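Undergrad: Just to be clear, the model below is a prediction. Sequence and coordinates:
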2 protein chains.
Amino acid sequence: MSDRPLTHPGASGPGSAWAAAARLDAADPLAGRRRAFVLDDDTVYLDGNSLGALPAAVPGRLAEVIGREWGELRIRSWTESGWWTAPQRIGDRIAPLIGAAPGQVVVGDSTSVNVFKALVGAVRLAEADDTRGTASRGTVRDQILMDAGTFPTDGYIAESAARMTGRTLVPVPAGDLPSLAGPRTAAVLVNHVDYRTGELHGLAAVTAAAHAAGAPVVADLCHSAGALPVNVDALGVDFAVGCTYKYLNGGPGAPAYLYIRAEHQARFDSPLPGWNGHREPFAMTPDYRPAEGAVRGRVGTPDILSMLALEAALEVWDGVDIAEVRAKSLALTDYFLARVAALAPPGSLVPLTPAEHARRGSQISLRCDGTAAVMAELVRRGVVGDFREPDVLRFGFTPLYTGFTDTERAARTLAAVLREGTR
Amino acid sequence: MSDRPLTHPGASGPGSAWAAAARLDAADPLAGRRRAFVLDDDTVYLDGNSLGALPAAVPGRLAEVIGREWGELRIRSWTESGWWTAPQRIGDRIAPLIGAAPGQVVVGDSTSVNVFKALVGAVRLAEADDTRGTASRGTVRDQILMDAGTFPTDGYIAESAARMTGRTLVPVPAGDLPSLAGPRTAAVLVNHVDYRTGELHGLAAVTAAAHAAGAPVVADLCHSAGALPVNVDALGVDFAVGCTYKYLNGGPGAPAYLYIRAEHQARFDSPLPGWNGHREPFAMTPDYRPAEGAVRGRVGTPDILSMLALEAALEVWDGVDIAEVRAKSLALTDYFLARVAALAPPGSLVPLTPAEHARRGSQISLRCDGTAAVMAELVRRGVVGDFREPDVLRFGFTPLYTGFTDTERAARTLAAVLREGTR
């Protein structure tokens, strides 16, 4: 992560910048996707990394779910309207966005709860592997490794998972995870993109090193899924979790998802074995017999309204190539960094997000003085990002509905606020 | 629970029965509440103990939440629309329905997940009490007692909670819980009303006995809250959980709730310490410092759409006296039992639900031959209940929207189906 202040990379007239941005928008193959969202032209919304904008299909679909499926069919909808199978059906809809073949993703619960399932499941898997002799014998896998920059809830939950499985949680810099994975490692938890800095971590290197050490990997994809290709299947990731209300636009607090790699499903031993994950839930037997497949990751009755809103929201991805999303994301963040450097008072901003594409997610984090006041003024002027204590401005770039003229406006507004002050 | 077949309690002409039912409806102080729901007159809906009917306030409110709060305000709604505080605000709305003073109920997650939080929290509390010497010294609390007739998911989750806290789960008949609670008891889990038989368990006796043994009680209120007075505060219940989609009409899979008795909150040690339960969630500190109050029971980001649908649904309780609900529930179930006994072929039905009021919830369970076919035919004729394997018909009576003429029609239809057969 760079500590140098941004500097002016070269002069360009204001008129030519708007024109250049408009040309980029005109050439953007994803530009038409913006129509799939409810947006107003007065606002540049750069907080889709916190809460994605409303997809246009959602209001009508939810009115139907409430009025017809709940209001008229009532209990019959559990079967007739496909409510019961929604968690796995919507999981399969998310699967291609994270590079997963069908049958490995299930939707439900919060990210925190899914971190608990996945991490305890991973530790138990490592334990079983050691017992079966498929990993190096005689090891005492007493540590859970985690990137120290994790979103806090992952760390809190990992601490509980460690306590309840008799392990010790060891937070280390994300870059050190590959070198520190070893015979004491029971599992590795890594955030694919750092929520604060926007840094993209090398999931391939972490996974390869963890596997070499005989430990499974749990990846938190909250800040990467929907913004860049993830490829959990190809990378060999063992478990993954993620929320659906950021780049997946599922709505406030929309249910999270859990990826359980196919080869682990038969041995996935959930710490939350609710009746929805039972092989025959309506047999109502006192003994728990886990279902086959990712369904085993289900727990209780799913929150159907939030879940079916998510399902409708996912329609915006039909026919979208995630490589194209990534290309536009990098172009937008490059553009923003360059324009902010050109326009903002020298030394007023320090980028936290790495300049290298290979280490950048889809958000730009900038350090500045008076962060809260700067963001409040930006919002007042129609540019919506957010900030994280103590001094980080965050701007999330959502390629499906953010364009280059939006980005030009955001850079100019930020520069103006910094020039003019916020008092 | 009775094993004797229902028999005819005395003759009454069909005309007089309809008239009597109509008189009861006319005198019913809750009759007007039916207008707060979306219902059709063609159907007698006796499955509100599985999925409550749609409250009329929900569709408009959800359209506003989606269109205005998510669609226009977007991220600002977390503060400006009160999303962030919804779990505790809606918890306080549920509190009076279970006899709890404010500040002890928080909404979120599924019932299963809340059973896990509550039961692990209860075991840890008992452990801490023993360590502090407030309970009998020298005990080894190695057992979790549970009513054997529990809804299955509670049992599955309790088994996991037992495993992860080094205890043994001991299922016993609900009636034996008071006599079996003892020095080895770490916690007691009890379903207030049996989901299958509709039997109401004596929560006061269970709680008193558990406390005398130094063990906390976790009560599952899924089948009692909204149907009868619960009085968790007065009874001394330590933790309680419940769903909101049955008698509380919150919608399919609406978030569950967790009651944490005020005196335990400061020591409640959650196994799922997510960031929403942190004292300063937006400080984003790596160490978990739990919030004061029931908020400590929160985990991840709440599913706002489902949660705000629930909030709107709870408006139907404004001004309702739960004692009046209970009186009507008993009158309806008495009426149904008597009319079924009068009309159904002798010996065709065996009630599973106790006849004594003190042991009856708000559902009538009847054993009969060919249960699945009988219920399918009932549904075809507009009387909607459900069945549970292998041979139990369930009819849930929801006093806010079910009347005596509905009940008369249900009894007559059931009797007719049994007389005519279902081939």
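TA: Looks like it arrived, so ask away. Numbering: from 1, shown residues only, chains lettered A, B, ... in the order given.

Undergrad: which ones are touching residue A:239?
TA: If you count contacts by Cβ atoms under 8 Å, 6 or more residues apart in numbering or on different chains, residue A:239 has them with A:118-119, A:121-122, A:216-219, A:258-261, A:264. The C-beta positions use only the backbone N, C-alpha and C, and glycine is treated the same way.

Undergrad: Please name the bridge partners of it.
TA: When bridges are assigned using DSSP bridges, the partners listed for residue A:239 are residue A:218, residue A:260.

Undergrad: thinking again about what came up before, which of the contacts of residue A:239 lies at the shortest distance from residue B:103?
TA: Using Cβ to Cβ, residue A:119 is the member of the contacts of residue A:239 that sits closest to residue B:103, with 31.6 Å.

Undergrad: Check the contact between the closest one and residue A:219; I expect there is one.
TA: No. With the criterion set as Cβ atoms under 8 Å, residue A:119 and residue A:219 do not qualify as a contacting pair; they are 11.2 Å apart.

Undergrad: Which one of those two is surrounded by more residues?
TA: Taking neighbours as other Cβ atoms under 10 Å in any protein chain shown, residue A:119 and residue A:219 compare with residue A:119 leading, 31 against 28.

Undergrad: quick one, what contacts the nearest residue to residue A:91 once chain neighbours are set aside?
TA: Once its chain neighbours are removed from consideration, residue A:91 has its nearest residue in residue A:105; the separation is 3.6 Å (Cβ to Cβ, 6 or more residues apart in numbering or on different chains). For residue A:105, the contacting residues are A:88, A:91, A:92, A:94, A:95, A:98, A:257, A:258, A:259, A:294, by Cβ under 8 Å, 6+ apart.

Undergrad: so which of those is the most crowded?
TA: Ranked by neighbour count under the definition other Cβ under 10 Å, the contacts of residue A:105 are headed by residue A:257 with 33 neighbours.

Undergrad: From residue A:388, how far out is residue A:365?
TA: Residue A:365 sits at a distance of 8 Å from residue A:388 (criterion: Cβ to Cβ, to the nearest Å).

Undergrad: Mutual contacts of those two, please.
TA: A:196, A:394.

Undergrad: In terms of neighbours, single out the busier of those two.
TA: Shown here are residue A:365 and residue A:388; by other Cβ under 10 Å, residue A:365 has more neighbours (24 against 17).

Undergrad: quick one: pLDDT of the residue nearest to the more buried one when sequence neighbours are not counted?
TA: For residue A:365, the nearest residue in space outside its immediate sequence neighbours is residue A:352; the separation is 4.1 Å by Cβ to Cβ, 6+ apart. Residue A:352 is assigned a pLDDT of 96 by the prediction.

Undergrad: Hmm, residue A:352 is touching residue A:371, no?
TA: No. In this structure residue A:352 lies outside contact range of residue A:371 using Cβ under 8 Å: 11.8 Å.

Undergrad: Now the common contact residues for the two.
TA: Common contacts of residue A:352 and residue A:371 (Cβ under 8 Å, 6+ apart): residue A:392.

Undergrad: Counting neighbours, go ahead and name the busier of those two.
TA: Taking residue A:352 and residue A:371 together and counting by other Cβ under 10 Å, residue A:352 has the greater number of neighbours (23 against 19).

Undergrad: picking up where we left off before, tell me the contacts of the residue nearest to residue A:365?
TA: For residue A:352, the set of contacting residues under the criterion of Cβ under 8 Å, 6+ apart consists of A:1, A:2, A:196, A:197, A:198, A:199, A:365, A:366, A:367, A:392.

Undergrad: any idea which of those is closest to residue A:322?
TA: residue A:198 (18.1 Å).
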